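Undergrad: Quick one: sequence and predicted model below, then my questions.
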Amino acid sequence: MSIRRLPEHLVNRIAAGEVVERPASALKELVENAIDAGAGRIAILLVEGGTSRIEVADDGCGMTPADMALALERHATSKLPDEYIESVVTLGFRGEALPSIASVARLTIESRIRGAEGWARTVDNGQVTREGPAALPPGTRVVVEDLFARVPARRKFLRSPRAEYAACLDVVRRLAMARPDIGFTLEHDGRRALSAVQVEDRPGRVATLTDRALVDNAVAIDLEREGVVLGGVASLPTYNRGIADHQYLFVNGRPVKDRLLMGAIRGAYAEMLPRDRHAVVALFLDIPTDQVDVNVHPAKTEVRFRDPAMVRGLIVSGLRRALDAAGHRSQRASESALSMWQQENSSPPGGEEGARPQSGWEGEGTPQRLPLENRHYGAVNDSRPTFFAAPPQARAEPAWTPPPQTASFPMGVARGQVAKTYIVAEAEDGLVLIDQHAAHERLVLERMRAALIGGTIASQALLIPEVVELDESACDRLEARAEELSDFGLDLERFGPHAMLVRATPALLGQSDPKGLVTDLADELAAFDEALSLKERLDAVAGTMACHGSVRAGRILSVTEMNALLREMEITPHSGQCNHGRPTWVKLAHGDIEKLFGRK
């Protein structure tokens with residue numbers, strides 16, 4: 001077959017396939033054009049997820065009739081003032097965007113520059129159908145109708161209107177985060193779905209567009225290295241999501257989805273989040289244009305860095321530094337958590353006179369009667385047995401010395417222990433509940449990390465070496481890493497084909513369970529890449545060891561031990577969450593307590 005030149009309408013449709021994949025793609029192009037036009041407000045209207053209608057109106061600089069005609073020609077743009085394509089600083093020079101959209105939909109552009117009359121042009125699937133004056137305020141309004149209506153092969157691959165709307169909303173949300181100085185509104189099928197007023201700070205805009213609770217559960221990022229500036233907000237590890245859709249990345253104000261940047265975020269939160277949880281992050285990277293290529297993808301959603309290692313290191317360092325500075329901070333108690341505190345109804349059930357209460361005391365000085373399975377027999381004067389309730393599962397020691405002042409400590413001072421698991425502390429600004437196992441698990445991990453930085457972890461020899469039976473493949477994995485495990489203070493040697501002999505355990509773990517520790521480590525090693533050393537997988541190895549060496553739930557602590565735990569939490573990085581990303585403590589502020597008792 002001989003080579004031939006393709007007709008113009010077919011060229012535009014091919015270009016549309018590269019740029020306009022779905023309504024969200026077209027919307028992205030139109031909103032970015034409005035931003036580059038210097039808009040201060042952008043109003044967006046969608047019908048049926050954008051498949052029927054997309055409308056974008058802005059108050060930017062507008063276009064003359066001649067500019068409008070050029071804008072609808074391929075490879076015509078105002079965004080590239082010279083031939084240096086790599087130095088573009090706008091959101092793009094997509095000369096093919098408008099004509100590509102116009103080739104697969106009915107596109108109407110109305111625009112007016114200040115001091116002149118407005119003008120309109122309609123292009124229906126590549127053919128100009130109307131042109132003339134238009135009445136509108138200064139700025140531009142673009143309407144896209146019936147996208148892919150005459151391209152059924154593309155139309156049938158669109159998802160449901162609800163799914164297309166979700167993609168459009170995500171596009172607008174990302175662009176609005178990048179430009180807090182611009183006001184955005186989005187209406188879908190007559191309902192206001194998004195409203196973001198002009199603000200000065202990026203963190204405030206991010207919280208408005210994601211979750212307002214992020215303001216109280218995030219840290220600010222601010223780092224500069226070699227002319228590259230990193231800013232934004234990152235959630236505390238305890239404030240996380242089940243999917244990574246709430247991670248927003250921007251390079252020179254351009255929303256991107258880059259594997260390098262996503263990998264850097266995972267690395268920064270490595271030992272602070274469970275594997276199935278994801279941080280909420282909005283990172284803004286400002287980098288010289290000669291160090292990044294934004295033209296590696298037709299839709300400009302991917303970038304390529306000249307020095308990717310430096311950029312990755314900058315992100316990891318910036319996130320780590322901010323999270324380290326957060327210290328013992330943890331996620332604040334949410335309204336849903338507070339709602340679980342409920343008042344018990346003390347009136348008799350059913351309102352029957354003389355009915356016995358379901359909880360509390362039956363009368364003055366009379367113990368509650370319990371179901372048979374919960375009863376304890378006690379001696380009485382007559383021959384009939386009497387049933388008494390078991391004592392409450394909480395304890396506090398007598399205060400032989402005056403307790404310390406709560407104002408002196410952020411985590412407060414211990415007042416007691418509940419269910420042999422939770423420490424109750426009083427702080428100056430509220431009530432603090434601490435999960436003793438989760439908190440101590442994090443403290444042990446941080447001690448191990450500090451010890452490894454100094455060399456190796458001290459070991460504690462077992463009086464009688466313990467034999468741990470495992471399957472042969474697990475023993476093989478442990479034997480291959482025995483020398484590296486010795487740096488962690490764990491002394492192992494092979495003891496037959498199906499067993500390992502434990503001679504010493506890390507001293508930091510105290511009286512740990514060697515069998516459980518070795519079994520869990522064998523499982524961890526099964527998931528490792530053989531090319532990685534254990535120190536490179538410090539988060540997993542040390543985390544597993546720390547779990548076995550921490551104070552377990554169900555252990556009774558003295559008040560001195562409780563306070564010692566609180567004081568160490570206050571000076572230990574990341575102590576607000578355990579090694580699995582769960583919170584180690586929550587606080588009920590005085591205002592929250594007053595709400596529970598109806599005082600506020």
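TA: Structure's in. What do you need?
Undergrad: Kindly confirm my reading that Ala167 forms part of a helix.
TA: Yes: with DSSP: H, G, I helix; E, B strand; the rest coil as the criterion, Ala167 is part of a helix.
Undergrad: ok, it - how many residues close by?
TA: 18 (other Cβ atoms under 10 Å). Yep, even glycine has a C-beta here, placed from its N, CA and C like the rest.
Undergrad: Was I right to think it contacts Arg22?
TA: Yes: with contact defined as Cβ atoms under 8 Å, Ala167 counts as touching Arg22 (6.4 Å).
Undergrad: can you tell me the helix or strand for the residue nearest to Arg477 when sequence neighbours are not counted?
TA: Counting by Cβ to Cβ, 6 or more residues apart in numbering, Arg477 lies nearest to Leu525, which is 4.3 Å off, once chain neighbours are set aside. Leu525 is located in helix 514-526, with elements delineated by DSSP states H and E.
Undergrad: returning to what we had before: ok now do the residue nearest to Arg477, which residues does it touch?
TA: If you count contacts by Cβ atoms under 8 Å, 6 or more residues apart in numbering, Leu525 has them with 474, 477-478, 481.
Undergrad: Check it and give its pLDDT.
TA: What the model reports for Leu525 is a pLDDT of 75.
Undergrad: likewise Glu493?
TA: 90.
Undergrad: what is it paired to in the beta sheet?
TA: Bridge pairing for Glu493 (DSSP bridges) gives the partners Leu501.
Undergrad: neighbouring contacts of the strand ranked longest in the chain?
TA: Across the chain, the longest stretch assigned as strand under DSSP state E is strand 459-469. Here strand 459-469 makes contact (Cβ under 8 Å, 6+ apart) with 486, 489-491, 495, 498-507, 509, 514-515, 518-519.
Undergrad: Now do that strand and helix 514-526, the angle between them.
TA: With axes from the mean of the first three to the mean of the last three Cα atoms, to 10 degrees as the basis, strand 459-469 and helix 514-526 are set at 80 degrees to each other.
Undergrad: What residues sit buried inside strand 459-469?
TA: 459, 466, 468 (16 or more other Cβ atoms under 10 Å).
Undergrad: how far away is the residue nearest to Arg477 from Met500?
TA: Noted for Leu525: a distance of 12 Å to Met500, by Cβ to Cβ, to the nearest Å.
Undergrad: Overlap in contacts, these two.
TA: With Cβ under 8 Å, 6+ apart as the test, Leu525 and Met500 both reach Leu478.
Undergrad: Point out where the stretch 1-150 of the chain drops to low pLDDT.
TA: 1, 6, 8-19, 75-96 (pLDDT under 70).
Undergrad: Please tell me how far the longest strand of the chain is from the chain's geometric centre.
TA: Mean C-alpha position of strand 459-469 versus that of the full chain (Cα atoms, centre = their mean, to the nearest Å) differs by 41 Å.
Undergrad: Do I have it right that Arg567 meets Gly412?
TA: No: using Cβ under 8 Å, Arg567 makes no contact with Gly412, being 10.7 Å away.
Undergrad: thinking again about what came up before, format the contacts of Leu525 as CSV; extra columns: neighbour count and distance to Val142.
TA: What follows is those, written out as CSV (neighbours: other Cβ atoms under 10 Å; distance: Cβ to Cβ, whole Å):
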residue, neighbour count, distance to Val142
Ala474, 20, 63
Arg477, 19, 60
Leu478, 22, 64
Arg481, 21, 61
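Undergrad: Of the residues you listed, just say which sits nearest to Leu230.
TA: Relative to Leu230, the closest of the contacts of Leu525 is Arg481; by Cβ to Cβ it sits at 35.6 Å.
Undergrad: one step back: ok, the longest strand of the chain: who's next to it in the sheet?
TA: Strand 459-469 has these strand partners (DSSP bridges): strand 499-506 (antiparallel).
Undergrad: are any of the contacts of strand 459-469 buried, and which?
TA: 486, 489-491, 495, 500-506, 509, 514-515, 518-519.
Undergrad: Do a quick rundown of the strands in the stretch 501-600 of the chain.
TA: 585-589 (DSSP state E, counting those that start in this stretch).
Undergrad: what residue ranges in it are flagged as low confidence?
TA: 511-512, 527-554, 579-580.
Undergrad: again, 50 this time
TA: For the stretch 501-600 of the chain, the stretches flagged by pLDDT under 50 are 531.
Undergrad: all helices of it, in order?
TA: 514-526, 538-549, 559-570, 590-596 (DSSP state H, counting those that start in this stretch).
Undergrad: Ala458 - how many residues pack around it?
TA: 11.
Undergrad: Contacts only, for it.
TA: Contacts of Ala458 (Cβ under 8 Å, 6+ apart): 451, 489, 506-508.
Undergrad: Using JSON lines, lay out the residues you listed together with distance to Asp146.
TA: Shown next, in JSON lines, are those (distance: Cβ to Cβ, whole Å):
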{"residue": "Ala451", "distance to Asp146": "66"}
{"residue": "Gly489", "distance to Asp146": "69"}
{"residue": "Pro506", "distance to Asp146": "68"}
{"residue": "Ala507", "distance to Asp146": "72"}
{"residue": "Leu508", "distance to Asp146": "67"}
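Undergrad: Quickly name whichever of these is closest to Pro573.
TA: Ala451 (14.7 Å).
Undergrad: wait, Arg155 sits on Asp146?
TA: No: using Cβ under 8 Å, Arg155 is not in contact with Asp146; the gap is 9.3 Å.
Undergrad: Burial check on the closest residue in space to Leu46 that isn't next to it in sequence, number of neighbours?
TA: Among residues not flanking Leu46 along the chain, His188 sits closest, at 4.6 Å (Cβ to Cβ, 6+ apart). Per other Cβ under 10 Å, the neighbour tally for His188 reads 20.
Undergrad: Quick check: the gap between His188 and Lys515.
TA: 58 Å.
Undergrad: Kindly report the same for Thr122.
TA: 77 Å.
Undergrad: cool, and Arg481?
TA: From Arg481 to Lys515 the distance is 18 Å (Cβ to Cβ).
Undergrad: who's in contact with the closest residue to Arg202 other than its chain neighbours?
TA: Sequence neighbours aside, Pro180 is the residue nearest to Arg202 in space, at 5.5 Å (criterion: Cβ to Cβ, 6+ apart). Pro180 makes contact with 196, 198-202, 204-205, according to Cβ under 8 Å, 6+ apart.
Undergrad: Now intersect these with the helices, please.
TA: 202, 204-205 (DSSP state H).
Undergrad: any idea which of these is closest to Phe250?
TA: For the ones in helices among the contacts of Pro180, the nearest to Phe250 is Arg202 (9.3 Å; Cβ to Cβ).
Undergrad: isn't that closest one right next to Gly231, touching?
TA: Yes: contact criterion Cβ under 8 Å: Arg202 and Gly231 qualify, at 6.9 Å.
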